[in-house]
Every structure is written in C-alpha cells, then in structure tokens.
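Trainee: prediction below, plus the sequence it came from.
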Amino acid sequence: MTDQELIEQCLSGSQRAQRALFDKFSGKMMAVCMRYVADRERAADVLQDGFVKVFRSLDKFKGDGSFEGWIRRTMVNTSLDYLRKKKLDEIDVDISEAEYLAGSSEKVVGKLRAEELMKLIEGMPAGYRTVFNMYAIEGYSHKEIAEELDVTESTSKTQFRKARTYLMNIIGERDNI
C-alpha cells in the first residue's frame, strides 16, 4: 500500500490503515525520538504522542514533500515539546568555552559506525544532544534552532561546538583504552 493510500484510508477512519502507518514508520521515528530523549521508555511516550499528532493533523499534509519527512518533523517537534515541558538539563549559555572548543579535531568521528555514534549521542547532556540532533542530523540552521528553542543563535552555535567536542573527547578516550 502506498503512503497516499494509507493517508486516504486513515482519513476515512480505518484503524487497520492507522496500524499499518504506525508499523511502517514507528521504527525510524523511534530512532528520531531516542536521539532527543535518551531514555527508551520516555522516548516511547514521545513516539506515541507524536503519532497522535500525526493522526490528528493528517488532513494538513499537502503532499508537498515526503510523507516520511513530514512525520519526522512532527516527531522532532514532539520531542522538543517534551524537553521544554520537562525542562531536562536546560541549555547552557556559557559562551566562554567556545574558543576552547573550536580547536578540536573532527577526524575521530569518522572512525565510528552509525550505531556507535547514536549511542554516544544518547549519552550527551540534553542541551548538547538537542542542538546536535537539530543541526547535524535534522539539518536545521542555527537561526531556526534559536527560534525553536527560544535561545540566541550564538547559544545554538556554542551548544553545537560543545556537543561536537564532547563526542570527540569520548571517542578519543575510547581510542586510548
């Protein structure tokens, strides 16, 4: 069944189609939620909330882009909403570390497999993890991140540098063992 057929059947109220849509996308979207909410149980809650939003606003999908991309954007926004509500590990605004962080080497990141990198990202403090995911994985600009998280662009850039340095330090420690 195509995405368009799934959408049409879901809009007509078919629970079977809703289940098929959930089954088709839940694995990928759980990975998205886990990047923002590192605890599996909480990420599963965010996933469920995200799919509720998907089903409630399915009629707003106009087909301009990919359906999967639209669902992904919903999951990212739901994850961000969760982080805002829980105020988990507020984003650090300490810009004084930016100069120190800017000089780190990025070559070590290339040595990792994707799943190893995702595990390391899950272990980051929430502020680092959120900005890193939005910028490096989801493709948001620092301006968009700043607007979405209600911080300055400078804070977004600093958090990204801190996240990148955090990853490189962890990877460097692993390589030295």
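Mentor: Arrived safely. All figures in this text were calculated on a predicted structure; none of them were measured in a lab.
Trainee: domains in this protein, by residue range?
Mentor: Following automatic domain parsing, the chain resolves into domains at 3-86, 95-175.
Trainee: export those domains to a markdown table and tack on mean pLDDT?
Mentor: Output for the domains of the chain, formatted as a markdown table (pLDDT from 0 to 100):
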| stretch | mean pLDDT |
| --- | --- |
| domain 3-86 | 92 |
| domain 95-175 | 74 |
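Trainee: any idea how far residue 159 is from residue 14?
Mentor: Per C-beta to C-beta, to the nearest Å, residue 159 is found 43 Å from residue 14. No exception for glycine: its C-beta is placed from N, CA and C like everyone else's.
Trainee: those two: which is more packed in?
Mentor: residue 159 (28 against 14; other C-beta atoms under 10 Å).
Trainee: you'd agree the more buried one is up against residue 127?
Mentor: Yes. Residue 159 is within contact range of residue 127, at 5.6 Å (criterion: C-beta atoms under 8 Å).
Trainee: does residue 74 belong to a helix, a strand or coil?
Mentor: helix (DSSP: H, G, I helix; E, B strand; the rest coil).
Trainee: that one: how many residues sit nearby?
Mentor: 20.
Trainee: ok, now which ones touch it?
Mentor: 50, 53, 54, 57 (C-beta atoms under 8 Å, 6 or more residues apart in numbering).
Trainee: need the buried ones from those selected in ChimeraX.
Mentor: Entered in ChimeraX, the line below selects the buried ones among the contacts of residue 74, by 16 or more other C-beta atoms under 10 Å:
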select :50,53,54
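Trainee: what is the nearest of the contacts of residue 74 to residue 79?
Mentor: Set against residue 79, the nearest of the contacts of residue 74 by C-beta to C-beta is residue 50 (7.6 Å).
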